[in-house]
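Colleague: Fold the stuff below for me.
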Amino acid sequence: MNFLIIGLGNFGSSLAIRLTELGHEVIGVDTSMTKVQALKNDITHTICADCTDVHAAKELPIQNSDAVVVCIGEHEGNSIMATAVIKQLNAKRIIGRIVSDTQATVLNAMGIEELIHPEKESANKLAKNLTTVGLIDTFDLTDRYSIVKIDVPEKCEGKSLQELDLRKKFSLTVLTTMKKTHKRGLLGFKQSNLEVQGIAKAETILSKEDIMVVFGMDKDIERFLA
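Modeller: Predicted structure coming up:
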């Protein structure tokens, strides 16, 4: 796929590099030549341009990109202006980074429905992980449903998923399990790795060091972990 990343700050550059690593064609754009030069060997292409200027933006392959992600975070006004210009130039798909509720309101009014708030989302995720016992990681699907990675509770050790019957008792679905493996790193420190065990089956037996990947409502996950 082809992606156009507008704004090469910490978030934009990280996104651009990761998409490139995944094998996609990525064009990164920023008004700072320093940032553009720093990333020229890490992503497919880099361009120094001001996307708040419609004449400059017209030179970019906007209509040929599968998605344009506006990652400008330092200046809300510039982010809104760049998004308006990208929309005016008929981008197929626009994803906007927001830093405030006001910015979200403006972008929604412009018809931009895909919005991301990295700082807020990271903070919410960390708060949830820190305050839910046994929770390792979480991916929020909606404000009520999540996919979570959790340590196998002591009450589940040595039991099969059929015995536990979490779907009936807690309305939860175990998608897969992961096993921890340990090895020594280059400096001799012990490192843990996770190996996915494939789609969970009724006969899957849970071990003490296993990790469960579970889907369900947040309240049911909390009830299971209580």
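Colleague: what helix or strand does the residue of the chain most remote from its centre sit in?
Modeller: The C-alpha centroid of the chain is most remote from Glu163, which lies 33.9 Å away (C-alpha atoms, centre = their mean). Per DSSP states H and E, Glu163 falls inside helix 161-164.
Colleague: Could you point out the helix or strand that follows that helix?
Modeller: Helix 161-164 is succeeded, C-terminally, by helix 166-170 (DSSP H and E).
Colleague: Would you mind pulling up the elements that that following helix packs against?
Modeller: Counting contacts by 3 or more C-beta pairs under 8 Å, 6 or more residues apart in numbering; DSSP states H and E, helix 166-170 packs against strand 173-184, helix 218-225. Just so you know, the C-beta spots here come from the backbone N, C-alpha and C atoms, and that holds for glycine as well.
Colleague: which stretch in the ones you listed is the model least sure about?
Modeller: Averaging pLDDT over each of the helices and strands packed on helix 166-170 singles out strand 173-184 as the lowest, with a mean of 84.
Colleague: Give me the sheet partners of the very next helix or strand once past that one and which way each runs.
Modeller: Going down the chain from strand 173-184, the next helix or strand is strand 190-199, by DSSP H and E. With DSSP bridges as the test, strand 190-199 is paired with strand 173-184 (antiparallel).
Colleague: List the buried residues in the strand it pairs with.
Modeller: Buried residues in strand 173-184, counted by 16 or more other C-beta atoms under 10 Å: 174, 176-178.
Colleague: Turn those into TSV, including distance to Gly12.
Modeller: Converted to TSV, those look like this (distance: C-beta to C-beta, whole Å):
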residue	distance to Gly12
Val174	36
Thr176	32
Thr177	36
Met178	31
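Colleague: which one of these sits closest to Lys92?
Modeller: The closest of the buried residues of strand 173-184 to Lys92 turns out to be Thr176 (C-beta to C-beta; 33.5 Å).
Colleague: That closest one contacts Glu195, correct?
Modeller: No: Thr176 sits out of contact with Glu195 when judged by C-beta atoms under 8 Å, with a separation of 10.6 Å.
Colleague: And the helices in the chain?
Modeller: Ranges of helices in the chain, per DSSP state H, are 10-21, 33-38, 54-57, 76-88, 101-109, 118-131, 161-164, 166-170, 218-225.
Colleague: so what are the domain limits for the chain?
Modeller: As assigned by automatic domain parsing, the chain contains the domains 2-118, 127-225.
Colleague: tell me how far the ends of the longest one are from each other?
Modeller: Distance between the two ends of domain 2-118: 22 Å, counting by C-alpha to C-alpha, to the nearest Å.
Colleague: what does the average pLDDT come to for it?
Modeller: 93.
Colleague: what's the offset of it from the middle of its chain?
Modeller: 17 Å (C-alpha atoms, centre = their mean, to the nearest Å).
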